[in-house]
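**Student:** here is a sequence together with a model predicted from it:
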Amino acid sequence: MTAMHPRLSINQVSFREEALEDFVGHCQSLGAHHVALTSPQLLEEGGLARAKKLFGGDGLQLEAIQHRFATPPNNLDADDGTANTTLVRLIRLAEQLGATSIYMSAGGRGSLDWQSAADRFCQLIAPAVAEARERGVALLVETAGIMYVDTTIAHNLVDTIALIERAGIGICLELFYCWSEGGIYELIRRAMPRCGLVQVSDYVAGDRSFPARAVPGDGAVPLAPLVASVLEAGYMGLFDIEIIGPRIDAEGHLAAAARAAEVMGSILTALGA
């Protein structure tokens, strides 16, 4: 087994149909040092105990937890307090598991326009922001495409940066959804002081499948210059491999993750990371 580049992590989304223990087994077979998990299995009864058996010590380290904040039917315009209560609980779980960050969707807008939804997001998340600071867990918002309008108001990097600056939290730089934006390198520099995680995947031009992700190196995303820009802006964190969709299903999740790790490791090594 060849060890994966130490600045890479594997996201559980890449093995979303797998049980937590099976996902961990795959990561170990890949020689991974770090992983990112999704929150549902952690939040269910017994989730913390299961995770504690799998992480820590000299083994895999839990870097980040993905979470959906204020999603249907509990959108930003209809929240009854559940969104904040759940997030605070997850922050406490993250602290116990040694996770560095929680990255999340920014909530479904429901009937609200963007500005009102952003105001509501900042209001709802404020108690959790204070909790996270106290416990040393970074809260991050990730950008997601417009097809996720039911779960987030952050659909481009410009809006995502504006939102996290207002909320006083950080950003998960999801390159899949922002690589084609105008002024991307300037936006990366602006985002970097608040960046807690960078996610990598690829896109094959003309692919109309959903979610249309590809193994790094297979598509049109200029990953090497983007990663170089991130590093030049002072980023010292991990690059999280999140690959999902028909292309990944066809190849096989483990084989696709292995290729992704090899390609990204080569890019990082070439850049001196």
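**Tutor:** Structure received. Numbers count the residues shown, from 1 in each chain.

**Student:** ranges for the helices of the stretch 151-273 of the chain?
**Tutor:** Applying DSSP state H, counting those that start in this stretch to the stretch 151-273 of the chain gives helices spanning 157-167, 184-191, 223-232, 246-251, 253-270.

**Student:** so for the third one, mean pLDDT?
**Tutor:** Looking at helix 223-232 alone, the average pLDDT works out to 98.

**Student:** check which helices and strands it sits against.
**Tutor:** On a contact count with 3 or more CB pairs under 8 Å, 6 or more residues apart in numbering; DSSP states H and E, helix 223-232 meets helix 184-191, strand 195-200, helix 253-270. Any C-beta I mention is one placed from the backbone N, CA and C, and that applies to glycine too.

**Student:** related to what we said a few turns ago, out of the helices of the stretch 151-273 of the chain, which gets nearest to Pro216?
**Tutor:** Counting by CB to CB, Pro216 lies closest to helix 253-270 out of the helices of the stretch 151-273 of the chain; the figure is 4.5 Å.

**Student:** what angle separates the closest one from strand 195-200?
**Tutor:** Counting by axes from the mean of the first three to the mean of the last three CA atoms, to 10 degrees, helix 253-270 lies at 120 degrees to strand 195-200.

**Student:** would you list the helices of the stretch 151-273 of the chain in a markdown table and tack on mean neighbour count and distance to Asp79?
**Tutor:** As requested, the helices of the stretch 151-273 of the chain are arranged in a markdown table below (neighbours: other CB atoms under 10 Å; distance: least, CB to CB, whole Å):
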| stretch | mean neighbour count | distance to Asp79 |
| --- | --- | --- |
| helix 157-167 | 19 | 15 |
| helix 184-191 | 18 | 27 |
| helix 223-232 | 18 | 33 |
| helix 246-251 | 16 | 34 |
| helix 253-270 | 19 | 34 |
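
**Student:** would CSV of the ones you listed with distance to Glu44 be doable?
**Tutor:** Supplementary listing: those in CSV, determined by distance: least, CB to CB, whole Å:
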stretch, distance to Glu44
helix 157-167, 27
helix 184-191, 33
helix 223-232, 34
helix 246-251, 25
helix 253-270, 22
